[in-house]
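Enquirer: Dropping the sequence and predicted coords here.
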Amino acid sequence: MSKEIYENPDLKKERQNCPFNKEEITHLLDGGKEKTIERKQLENYILSDEQLKDAVPMEYLSHADKYAEELRKACLLMHKLADSPAGQVPTLRALMGAGLGSAVLKEGNPLALHYVMFIPALMGQGTIDQQAKWLEKAYNLNMIGTYAQTELGHGTFLRGLETRATYDPKTQEFILESPSLTAYKWWPGSLGKTANYAVVMAQLYTKGKCEGTHPFMVQLRDEETHEPLPGIVNMWLNPVCISSYIHYGTYVKPTNSKLSYATMVFVRVVVCQDVTTNLRKAVTIATRYSCVRRQSELKPGDREPQVMDYQAQQNKLLPPLAATFAFQLAADHLWNLYHTANNNIEQGDLELLPDLHGLSCALKALCSSEAANFVEVCRQSCGGHGYMSCSNFPRIYGQVTAAETYEGENTVLWLQVARYLVKTRKEQSGGLSVKYLIGEEKGPKTVDTTLEGIVKLYRRAAVGLVDVAIAELDKSGRKGEAPHDAWNHAAVYLIKAAQAHARLFVVESFVDSLKEGKLSAPVRTVLSQLCELFIIYWLLERSGDFFLCSNLTKQDLLLLNSKYVELLAAIRPQAVNLVDSFDLRDEVLNSPLGCWDGNVYQRLFDEAAKSPLNQSNVHESFHKYLKPLLKSNL
Ligand SMILES: CCCCCCCCCC/C=C\CCC/C=C/C(=O)SCCNC(=O)CCNC(=O)[C@H](O)C(C)(C)COP(=O)(O)OP(=O)(O)OC[C@H]1O[C@@H](n2cnc3c(N)ncnc32)[C@H](O)[C@@H]1OP(=O)(O)O
Ligand SMILES: Cc1cc2nc3c(=O)[nH]c(=O)nc-3n(C[C@H](O)[C@H](O)[C@H](O)COP(=O)(O)OP(=O)(O)OC[C@H]3O[C@@H](n4cnc5c(N)ncnc54)[C@H](O)[C@@H]3O)c2cc1C
């Protein structure tokens, strides 16, 4: 007899009479029906492998055992990648895109950097000959690489990196050295124990002149023994300059000195997708739990309500739910720009490079910071159980908040965006993605609170805040301040302008995607509600920017507040159906709070039982420490 599949009755009720086709949204997020089929096949292919499951929860292992267990699974995963029926690259893309990797490798993937930075660096910066020599070896995992740029003393300021690569024309070799403790490479993933090669960013010196940071291929460890090569601690020999600019002993400048930063641009684009995937997990866990959890009293004498019925809970969870769609659509737009710009750059056309740099910095900083804030709100919305390690919120939060720092610390990236905006506004040129900065914003300054009207407000804020920042810079200049001091003293304004620009890009991506997309009426309705909720939410959160740069009035704001709470109520009935549309398997969510069947309490209890401390009634430490204390009559 088939075992009755349990489904929490409240969740079951939430799923009844769904007014839209969930699969249509799943296909939209996957990039089409075929992509959904491919993803599900790959998920089955990976998640059905018993050897990829943890014998004991990772949190109960030692540091070394965690590393060993993650490496065991990562290596097994690589074999499955190579044997995947869908082919290596689609499987890798699925591992990176759908958060599938973290379903298997919960503490982190010791081989991630090999795929996320080492191979992209070879592809983006290696010469044809270098790619012929190393790419196949890297794809076949006959070498494991990392990307070693950050040093103990420098992570942000790349022009301050201390690792030196001195070209010796006699031997036609580069001598790499770490001249000081602060020059030691620090932070690169996999560098400690896993990688045997690295792309090392170092200052290139030739004929006594520093030509700036360049990438070098360096072998770190013996391929057989894995022992560090001689002198590896503070002296490296025989590196090879990737995309060599040394021709017959003479340095030939690249067309753009920042092309050596290309790998970081790629990862910033990838990070937008990754933090969105993590946010989707957090929202799914919190939403399902909030419909299972009944607590307190809404109507005196009534049964305890689902906590999702509190407007306060909807205010916590529905903006992040909307954000997952907004960030996904913006990340898709950025990915398309990346490919266009990259193809042009390969043809020697660098025109889109500033736009790509500006936008990738903006979106990486915005999506990572907003996702980190939203994940924390999702955790808090689950009360005490959200604090448990098994809820998966601590791990998801650790992953998204790391993204606020790596691949360019967010503040530094905001300032890069501001530099690009000020230049575009002042020079009234270029700026593919900031066309509104070229020429004046046309039309009346009156405010209408339609979707189009709200987008116009975002545009006014984006251009207005750049002008406020420029006015500050000019004011400092008139006072005789040097440009670098004026820039530093305008930082607060510059960052606000950069953030307003990033939010405008996300808002326009969302609105435009709904206009362009071939959506059924029910899906269009629910996504339009989410879009309107999200852009009003952000406007209310940052109303000062809009008061400063438009004719927004107190009445407008009160009207928008009313519209916002109406939208909370309108979307509430579809919250579970929307997160079900993400089609995230329980193994990917990895949380008893977010499981599809809503059997939360039993799963929490089962998780707690796995703790080593729950394998006996009295832990041995009682006899060693507590009992003597109890007897000591202090
Ligand atoms: C099995 C598979 C499993 C897969 C798992 C998937 C997981 C995926 C998610 C996780 C992904 C990765 C893991 C994370 C690993 C982390 C890695 C790292 O952190 S690597 C190190 C990152 N470090 C940085 O980002 C450093 C940040 N600093 C900088 O970029 C620079 O120092 C900068 C830009 C702040 C300043 O540089 P510089 O001082 O040289 O420039 P200026 O500010 O003076 O500007 C001059 C000029 O250049 C332009 N510019 C700057 N940068 C770029 C660029 N990158 N591209 C193009 N142009 C650039 C700038 O705009 C100025 O132009 P101008 O016209 O003169 O105004
Ligand atoms: C999880 C993780 C994984 C990582 N993986 C790698 C890797 O694989 N390879 C690698 O090379 N690196 C890696 N890194 C390092 C990472 O790239 C750096 O930590 C990051 O670039 C920040 O640089 P920093 O640590 O020097 O911070 P700092 O720049 O020292 O930041 C400290 C403070 O100074 C501020 N600040 C710095 N410059 C300015 C400025 N110009 N204007 C205003 N404020 C400023 C920052 O905003 C910040 O508040 C990783 C880091 C983490 C957390």
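Expert: That came in fine, so what should we check first? Ligands and ions are numbered 1, 2, ... in the order given.

Enquirer: In this structure residue 134 contacts residue 217, no?
Expert: Yes. Applying CB atoms under 8 Å as the test, residue 134 and residue 217 come out as touching, 6.9 Å apart. All C-beta spots, glycine's among them, are computed from the backbone N, C-alpha and C.

Enquirer: Next, show the common contact partners of those two.
Expert: Jointly contacting residue 134 and residue 217 under the rule CB atoms under 8 Å, 6 or more residues apart in numbering are residue 122.

Enquirer: which residues sit in contact with the closest residue to residue 481 other than its chain neighbours?
Expert: Leaving aside its chain neighbours, residue 481 sits nearest to residue 489 (6.9 Å; criterion: CB to CB, 6 or more residues apart in numbering). Residues in contact with residue 489 (CB under 8 Å, 6+ apart) are 472, 476, 481.

Enquirer: Tell me how many other residues crowd the last one.
Expert: To tie it back to what came earlier, the one meant is residue 481. Residue 481 has 16 neighbouring residues, counting by other CB atoms under 10 Å.

Enquirer: now for the helix or strand containing residue 415, which elements pack on it?
Expert: Here residue 415, judged by DSSP states H and E, is contained in helix 410-427. On a contact count with 3 or more CB pairs under 8 Å, 6 or more residues apart in numbering; DSSP states H and E, helix 410-427 meets helix 353-380, helix 451-478, helix 491-516.

Enquirer: 10 Å instead, please
Expert: Packing partners of helix 410-427 (3 or more CB pairs under 10 Å, 6 or more residues apart in numbering; DSSP states H and E): helix 353-380, helix 451-478, helix 483-489, helix 491-516.

Enquirer: Can I get those in a markdown table including distance to ligand 1 and mean pLDDT?
Expert: Converted to a markdown table, those look like this (distance: least, CB to the nearest ligand atom, whole Å; pLDDT from 0 to 100):
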| stretch | distance to ligand 1 | mean pLDDT |
| --- | --- | --- |
| helix 353-380 | 4 | 97 |
| helix 451-478 | 14 | 96 |
| helix 483-489 | 10 | 98 |
| helix 491-516 | 12 | 96 |
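
Enquirer: Need the winner for burial among those.
Expert: Of all the helices and strands packed on helix 410-427, helix 353-380 has the most neighbours on average by mean count of other CB atoms under 10 Å, namely a mean of 25.

Enquirer: Next up, the contacts around residue 475.
Expert: By CB atoms under 10 Å, 6 or more residues apart in numbering, the contact set of residue 475 is 481, 486, 489, 490.

Enquirer: quick revisit: for the helices and strands packed on helix 410-427, which one sits closest to ligand 2?
Expert: When the helices and strands packed on helix 410-427 are compared by CB to the nearest ligand atom, helix 491-516 sits nearest ligand 2, at 6.6 Å.

Enquirer: Establish whether that closest one and ligand 2 are in contact.
Expert: No. Helix 491-516 does not reach ligand 2 (CB under 6 Å from any ligand atom); its nearest approach is 6.6 Å.

Enquirer: To residue 624, which of the helices and strands packed on helix 410-427 lies closest?
Expert: Minimum separation from residue 624 across the helices and strands packed on helix 410-427 (CB to CB) falls at helix 353-380, 35.2 Å.

Enquirer: Can you check what angle separates that closest one from helix 491-516?
Expert: Orientation check (axes from the mean of the first three to the mean of the last three CA atoms, to 10 degrees): helix 353-380 against helix 491-516 gives 90 degrees.

Enquirer: which helices and strands does helix 353-380 pack with?
Expert: Using 3+ CB pairs under 10 Å, 6+ apart, helix 353-380 sits against helix 262-292, helix 311-346, helix 393-402, helix 410-427, helix 491-516.

Enquirer: okay if I get those as JSON lines plus distance to residue 356?
Expert: Output for the helices and strands packed on helix 353-380, formatted as JSON lines (distance: least, CB to CB, whole Å):
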{"stretch": "helix 262-292", "distance to residue 356": "6"}
{"stretch": "helix 311-346", "distance to residue 356": "4"}
{"stretch": "helix 393-402", "distance to residue 356": "23"}
{"stretch": "helix 410-427", "distance to residue 356": "10"}
{"stretch": "helix 491-516", "distance to residue 356": "13"}
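
Enquirer: Please identify the deepest-packed of those.
Expert: Compared across the helices and strands packed on helix 353-380, helix 262-292 shows the largest average neighbour count, a mean of 26 (mean count of other CB under 10 Å).

Enquirer: angle of it against helix 393-402?
Expert: Per the same axes, to 10 degrees, the angle that helix 262-292 makes with helix 393-402 is 150 degrees.

Enquirer: So for residue 566, which of the helices and strands packed on helix 353-380 sits nearest?
Expert: helix 311-346 (11.0 Å).

Enquirer: Up against ligand 1, what does this structure have?
Expert: 92, 95-96, 101, 109, 111-112, 115-116, 147, 149-150, 155-159, 189, 258, 261, 264-265, 267, 270-271, 274, 353, 357, 406-408, 412, 416, 419-420, 423.

Enquirer: Out of the helices and strands in the chain, which is least certain?
Expert: None of the helices or strands of the chain scores lower by mean pLDDT, DSSP states H and E than strand 235-236, at a mean of 41.

Enquirer: Name the residues of the strand or helix carrying residue 217 that are buried.
Expert: If you go by DSSP H and E, residue 217 is part of strand 209-219. Neighbour-count burial for strand 209-219 flags 211, 213, 214, 215, 216, 217, 218, 219 (criterion: 16 or more other CB atoms under 10 Å).

Enquirer: For the strand or helix carrying residue 120, which helices and strands make contact with it?
Expert: Per DSSP H and E: residue 120 is located in helix 119-125. On a contact count with 3+ CB pairs under 10 Å, 6+ apart, helix 119-125 meets helix 128-139, strand 145-148, strand 197-206, strand 209-219, helix 262-292, helix 311-346.

Enquirer: can you list contacts of that helix?
Expert: 92, 113, 126, 130-131, 133-135, 137-139, 145-147, 149, 198-199, 201, 214-215, 217, 241-243, 254, 259-267, 270, 342, 345-346.

Enquirer: so which of those residues are also by ligand 2?
Expert: 113, 147, 149.
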